[in-house]
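*Asks:* Could you look at this predicted model? Sequence included:
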Amino acid sequence: MKVIHLISGGDSGGAKTHVLSLLQNLNKTITAQLICFRDGPFADEARAMGIPTMICGGNNIFRVRRQLTAHIRREGYQLIHCHGSRANMIGALLRKATGLPVVTTVHSDYRLDYMGRPLSHLTFGTINAYALRQLDYRIGVSDAMVDLLISRGFPADRFYAIYNGIDFTPAPPQGDRLPYLRSLGADVDADSVVVGIAARLNPVKDMSTLIRGFAAGYQKCPRLRLVIAGDGEEREKLGDLARELGVEKQVTFAGWISGGMDRFYASLDINALTSLSETFPYALTEGARFHLATVATAVGGIPYLIDSSVNGFLIPSGDWQALGEHLAALGSDDALRRDMGEKLYQKASTQFSIQKTVDTQLHIYQEILRRHNRPKKARDGVVICGAYGRGNAGDDAILEAILQEMRSIDPDMPVLVLSKDPKSTRLAYRVQAVHRSNFPAWLRAMRRARLYINGGGSLIQDVTSRRSLWFYLHNISAAKKAGCKVQMYGCGIGPVTRENHRRLAADVLNANVDVITLREPDSREELRLMGVTAPEILLTADPALTLHRANDDEIDSVLLRAGIPPHGKYICFALRQWKGFEEKAPLFRAAAQYAYDTYGLTPVFTAVEKHLDPVAHRLAARELTVPHYFLDDAGGAGTIIGALSRMEVVVSMRLHALIFAAGQGIPLAGVVYDPKVSSFLKYIGQELFVDLDALTEEALRHMIDQAVRQSRDPEGQAAAVARLRSLEQQNVAVARRLLDM
């Protein structure tokens with residue numbers, strides 16, 4: 001593989017480190033040619049590192065384009081990779097001239113690149129913003145940067161994320177730290193706990209919050225000391241603040257440190273960062289290399305490294321009080337400090353090493369070339385429609401599972417999702433999405449697609465809304481008329497209560513659907529009673545059964561953010577507002593009390609639909625006297641599944657809480673507000689359920705007793721779930737068959 005990298009040649013900081021370390025290591029595997037538009041220290045350093053480097057200078061961009069076009073053709077490059085505004089502008093011109101795919105790495109927020117320089121912002125900034133949209137693909141330095149650009153309207157399916165990696169080879173011994181710290185001016189002794197930061201002293205780094213937080217921490221833990229490595233326009237202001245807060249002797253301004261940073265980080269106990277904005281700072285991985293406990297603001301890509309309260313602490317920007325609490329805790333507890341530093345090292349060294357960065361970059365190149373060379377087809381891809389973008393983790397889990405399965409068929413397949421909140425769908429799944437009411441957009445997509453998926457859930461029903469039934473039936477009909485194959489994917493049917501709706505649904509499904517795959521047998525019977533006979537009908541399972549839980553650190557972090565100790569003995573209640581719920585809410589409170597008193601299970605009220613379920617949970621827990629917790633936002637499907645995996649028993653009205661828990665082998669008790677709940681439980685051979693209307697305190701106690709007994713013998717449920725996962729694969733097999741027709 002031959003890739004040409006374009007950069008201005010005047011870059012510094014993280015972008016410079018990223019590009020040079022990346023190219024040095026890429027050239028061990030492929031040919032990565034560096035083109036600088038000016039000579040100087042950047043190019044000199046590249047040459048010294050053995051990177052093939054060429055200068056293509058001058059202000060005549062059209063002459064530069066001709067020279068580079070000739071060079072690219074002559075040398076047989078396959079891909080153009082840009083870094084920075086000038087490179088983006090040249091890359092946009094080379095795209096048409098060479099016919100090669102062009103990708104850019106976005107190292108910073110392009111809207112802030114010329115802050116304080118209005119003329120440059122108006123000229124170079126405007127040109128760069130335009131050029132960025134003309135390129136084929138974009139790489140963000142962190143998922144947070146990708147999310148920022150997607151939120152600004154860049155195509156969601158043309159992005160990749162990469163993280164700044166470093167070499168985690170252990171550094172040689174750095175010697176006694178006390179003489180070194182004293183040489184920087186620090187007032188330290190053998191008992192001191194040293195907090196450090198390496199950063200420019202400018203407003204975006206928000207050093208005022210660091211000093212205020214340090215002063216608050218020092219009041220509780222006098223062992224603390226702060227050493228700041230860096231300089232900048234705020235140096236005098238920050239010194240005045242330290243004096244004002246009475247910590248001028250405990251805060252050391254060391255200035256820029258020459259000769260490398262290893263000795264600096266080796267001398268610290270705690271690494272800190274209080275930036276208002278970041279992509280993915282090297283300062284944190286460099287500190288992690290030295291096993292430093294870390295406190296940082298939750299900005300940019302930092303939360304992808306730090307699982308708060310697990311391998312470090314995250315704080316909101318500007319929250320000096322929280323910073324002070326965490327610094328005091330780390331300063332006072334040597335074991336906590338060592339444990340967090342070790343956990344951060346383990347994560348950083350495996351997930352954020354330079355080799356990981358290089359492997360990710362090579363994978364991105366391979367995917368771009370594969371997509372570029374993909375045969376063009378008159379009709380291609382899938383349109384997916386369902387109850388997405390409403391904040392319901394169950395419905396969004398169905399979408400996540402379907403997307404995974406479509407990518408297993410063809411990772412480069414064009415996919416468009418109809419969503420109630422297309423922006424959140426684009427951000428969550430890096431997929432193209434349009435609003436459900438944007439009829440022109442999804443009709444255009446249907447005319448280009450091969451397959452329309454009516455995706456999961458109980459969409460064909462009229463209990464919650466007549467209009468939603470009409471909407472889904474209309475879309476199915478429109479997709480068929482537009483020339484798509486139509487699949488109803490791992491879905492439930494009903495209840496359809498009105499006779500005219502039953503006739504309408506049967507007419508539309510018979511006339512327009514090719515295959516219906518169903519998640520449980522009751523839906524097959526409902527279709528039979530409605531008179532749906534024309535489509536092929538298969539019994540499969542819910543797509544969400546294929547999803548996996550997140551890793552343990554992510555799960556711990558989600559629980560800890562809600563104040564829940566990660567490894568207690570818990571019973572989950574996943575409830576929802578429904579007709580008659582208010583009357584029954586005291587029964588759940590009594591059941592929670594019973595589970596705690598009888599089995600020592602602490603109630604955790606867990607939301608599946610985070611905008612609605614907490615209301616039901618507060619109602620059920622009103623006047624509850626035993627310890628209990630609310631998990632109002634457990635994140636995405638992976639962390640919700642993980643949280644449920646920590647429960648001993650799950651009592652749920654929510655279908656997907658039952659599905660997620662069943663997938664983890666957790667004993668279940670269902671409260672049925674909709675036939676889909678009992679249908680699923682019967683399908684897995686689980687008889688512990690009762691209708692909401694018939695719910696009594698005795699029934700809830702009996703189900704909890706039975707579920708606790710099941711927890712000692714979960715094999716039967718696990719075998720049923722394994723069978724369903726096998727059946728679920730028919731969903732994707734049908735989609736593959738329809739796409740090949």
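*Replies:* Now that the structure is in, tell me what you want to look at.
*Asks:* Every contact and neighbour count from this point should use C-alpha atoms.
*Replies:* OK.
*Asks:* Can you show me the helices along the stretch 1-150 of the chain?
*Replies:* Listed in chain order, the helices of the stretch 1-150 of the chain (DSSP state H, counting those that start in this stretch) span 13-26, 41-48, 61-75, 85-98, 118-120, 126-134, 143-151.
*Asks:* now the second one, how far from the chain's geometric center?
*Replies:* Between the centre of helix 41-48 and the centre of its chain there are 36 Å (Cα atoms, centre = their mean, to the nearest Å).
*Asks:* before we move on, what about the longest one?
*Replies:* In this view, helix 61-75 has its centroid 39 Å away from the chain centroid, taken as Cα atoms, centre = their mean.
*Asks:* which stretch in the helices of the stretch 1-150 of the chain is the model least sure about?
*Replies:* Across these, helix 118-120 has the smallest mean pLDDT, namely a mean of 72.
*Asks:* picking that back up, would JSON lines of the helices of the stretch 1-150 of the chain with mean neighbour count and distance to residue 176 be doable?
*Replies:* Formatted as JSON lines, the helices of the stretch 1-150 of the chain follow (neighbours: other Cα atoms under 10 Å; distance: least, Cα to Cα, whole Å):
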{"stretch": "helix 13-26", "mean neighbour count": "18", "distance to residue 176": "28"}
{"stretch": "helix 41-48", "mean neighbour count": "16", "distance to residue 176": "31"}
{"stretch": "helix 61-75", "mean neighbour count": "14", "distance to residue 176": "52"}
{"stretch": "helix 85-98", "mean neighbour count": "21", "distance to residue 176": "44"}
{"stretch": "helix 118-120", "mean neighbour count": "11", "distance to residue 176": "47"}
{"stretch": "helix 126-134", "mean neighbour count": "17", "distance to residue 176": "48"}
{"stretch": "helix 143-151", "mean neighbour count": "21", "distance to residue 176": "39"}
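*Asks:* Kindly reformat these as JSON lines containing distance to residue 563.
*Replies:* Formatted as JSON lines, these follow (distance: least, Cα to Cα, whole Å):
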{"stretch": "helix 13-26", "distance to residue 563": "35"}
{"stretch": "helix 41-48", "distance to residue 563": "48"}
{"stretch": "helix 61-75", "distance to residue 563": "57"}
{"stretch": "helix 85-98", "distance to residue 563": "45"}
{"stretch": "helix 118-120", "distance to residue 563": "46"}
{"stretch": "helix 126-134", "distance to residue 563": "42"}
{"stretch": "helix 143-151", "distance to residue 563": "25"}
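*Asks:* for those helices, which one sits closest to residue 234?
*Replies:* Evaluated over the helices of the stretch 1-150 of the chain, closeness to residue 234 peaks at helix 13-26, with 18.6 Å, by Cα to Cα.
*Asks:* For residue 440, see how far away residue 426 is.
*Replies:* Plainly put, residue 426 is 19 Å away from residue 440 if you go by Cα to Cα, to the nearest Å.
*Asks:* out of those two, which sits in the busier spot?
*Replies:* Between residue 426 and residue 440, residue 426 has the larger neighbour count (other Cα atoms under 10 Å), namely 24 against 9.
*Asks:* Which secondary structure element is home to the more buried one?
*Replies:* Taking DSSP states H and E as the definition, one finds residue 426 inside helix 422-429.
*Asks:* Show me how far that helix is from its chain's centre.
*Replies:* 11 Å.
*Asks:* and whichever helix or strand comes after that helix, which strands flank it?
*Replies:* Using DSSP H and E, the helix or strand that follows helix 422-429 towards the C-terminus is strand 432-435. Within its sheet, strand 432-435 is paired with strand 415-419 (parallel), according to DSSP bridges.
*Asks:* now the strand it pairs with and helix 422-429, what's the angle there?
*Replies:* Inter-element angle recorded for strand 415-419 and helix 422-429: 130 degrees (by axes from the mean of the first three to the mean of the last three Cα atoms, to 10 degrees).
*Asks:* hmm, who's touching strand 415-419?
*Replies:* With contacts defined as Cα atoms under 8 Å, 6 or more residues apart in numbering, strand 415-419 is touched by 381-389, 425, 431-436, 442, 445.
*Asks:* then it to PDB, C-alphas only?
*Replies:* Provided in PDB are the C-alpha atoms of strand 415-419 (Å, rounded to 0.1, in the frame of the first residue of the first chain):
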ATOM      1  CA  VAL A 415     -27.800   2.200   5.100                       C
ATOM      2  CA  LEU A 416     -30.400   4.900   5.800                       C
ATOM      3  CA  VAL A 417     -32.400   4.900   9.000                       C
ATOM      4  CA  LEU A 418     -35.800   6.700   9.500                       C
ATOM      5  CA  SER A 419     -35.700   8.200  13.000                       C
END
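*Asks:* Helix 143-151 and the helix holding residue 426, what's the angle between them?
*Replies:* Helix 422-429 and helix 143-151 are oriented at 150 degrees to each other (the same axes, to 10 degrees).
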